[in-house]
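# Predicted model and sequence below, questions to follow.
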Amino acid sequence: MDVLWFLTQRTKFIRRYYETASAPFREIIRKIEAEEAPYEPPYSEDPEPPFLTEWGDANTSLDVLGATCVSMLSESLKLYFSTWEGLLHVDCGKHSRSSFKKGFVSGYRDCFGTVLKADWSDCPADFDVLEQIVLARNAAGHPVQIAFLHLSHSEGLEKKFPAPVFVSDYERRLIETNQHVWRNLKLVVTEEALSEAIRQVEILAEWMEARLFKVLYPRSGSEG
């Protein structure tokens with residue numbers, strides 16, 4: 001089985017899905033901000049901007065879409081790991097039980113590090129990003145309040161990851177300037193953040209494939 005090929009089919013789909021599904025919401029936001037029909041502001045002495053509800057709905061839709069896509073990406077990464085676990089006839093859960101308590105990225109990293117005799121320091125993938133993909137998926141799947149549609153990260157994310165990936169530009173500036181974040185960070189998956197997350201998953205898989213090939217076909221390098 002060409003596991004990498006199947007993974008990249010999934011990552012390509014996630015990219016296309018986000019691009020296609022986000023287009024109408026982006027267009028609504030653009031038209032409201034440009035005051036284009038049907039969002040031409042009527043005369044009003046109300047200080048509140050017109051079409052605020054429509055703008056908010058479109059923006060929230062982008063947030064929900066991003067959370068959906070990062071959840072799909074997390075599951076794709078997990079399937080990639082578990083598929084190779086099966087093909088190699090390894091029980092990673094048993095082999096790296098304590099590491100899995102920190103998350104499946106940590107668990108599989110420990111397991112495959114032993115199986116592949118791999119030095120992960122040589123891997124160009126950013127494991128901080130990979131771990132945040134899973135945390136974002138967990139946050140998206142377990143909302144903590146009914147009052148708002150927006151999603152939040154678990155408490156203290158910025159303490160573990162000083163440069164969190166899936167946050168708003170506003171909260172990122174607060175963190176960068178050491179200002180107090182008074183609540184849990186909002187989960188915001190922008191197109192740029194999603195693209196970078198997908199790139200890191202693909203980098204990891206490509207790096208692993210080269211080492212998996214040597215494990216499965218140890219004599220191939222000496223033939224010819």
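It's in. Numbers count the residues shown, from 1 in each chain.

# mind listing the helices in this protein by residue range?
In the chain, the helices defined using DSSP state H lie at 3-34, 52-87, 92-95, 97-100, 104-115, 127-141, 157-160, 169-176, 191-216.

# Show me the one of these that comes nearest residue 148.
Evaluated over the helices of the chain, closeness to residue 148 peaks at helix 52-87, with 8.9 Å, by CB to CB. The C-beta positions use only the backbone N, C-alpha and C, and glycine is treated the same way.

# Which neighbouring elements make contact with the closest one?
Contact here means 3 or more CB pairs under 8 Å, 6 or more residues apart in numbering; DSSP states H and E; on that basis helix 52-87 packs against helix 3-34, helix 104-115, helix 127-141, helix 191-216.

# ok, now with 6 Å
helix 3-34, helix 127-141, helix 191-216 (3 or more CB pairs under 6 Å, 6 or more residues apart in numbering; DSSP states H and E).

# Report the buried residues of stretch 52-63.
Buried residues in stretch 52-63, counting neighbours by 16 or more other CB atoms under 10 Å, are found at 55, 58, 59, 61, 62, 63.

# give the contact list for the second one.
Under the criterion of CB atoms under 6 Å, 6 or more residues apart in numbering, the contact list for residue 58 reads 25, 28, 29.

# ok, now the last one?
Taking CB under 6 Å, 6+ apart as the criterion, residue 63 is in contact with 150, 188.

# Check the gap between it and residue 200 for me.
Computed as CB to CB, to the nearest Å, the residue 63 to residue 200 distance reads 21 Å.

# again with the second one
With distances defined as CB to CB, the gap from residue 58 to residue 200 amounts to 28 Å.

# Same check on the fifth one?
Residue 62 is 21 Å from residue 200, where distance means CB to CB.

# now do the fourth one
Taking CB to CB as the criterion, residue 61 is separated from residue 200 by 25 Å.

# these two touch, right, residue 166 and residue 189?
Yes: contact criterion CB atoms under 6 Å: residue 166 and residue 189 qualify, at 5.0 Å.

# where in the protein is pLDDT low?
Applying pLDDT under 70 to the chain flags residues 180-182, 215, 217-224.

# let's see it at 80
144-149, 155-156, 178-183, 213-224 (pLDDT under 80).

# quick one, what contacts the spatially closest residue to residue 167 that is not a sequence neighbour?
Of all residues not flanking residue 167 in the chain, residue 185 sits nearest, at 5.1 Å (CB to CB, 6 or more residues apart in numbering). Counting by CB under 6 Å, 6+ apart, residue 185 makes contact with 153, 157, 167, 171.

# Considering the residues you listed, which possesses the most neighbours?
In terms of neighbours by other CB atoms under 10 Å, the contacts of residue 185 top out with residue 167 at 26 neighbours.

# Perfect, I'm done here.
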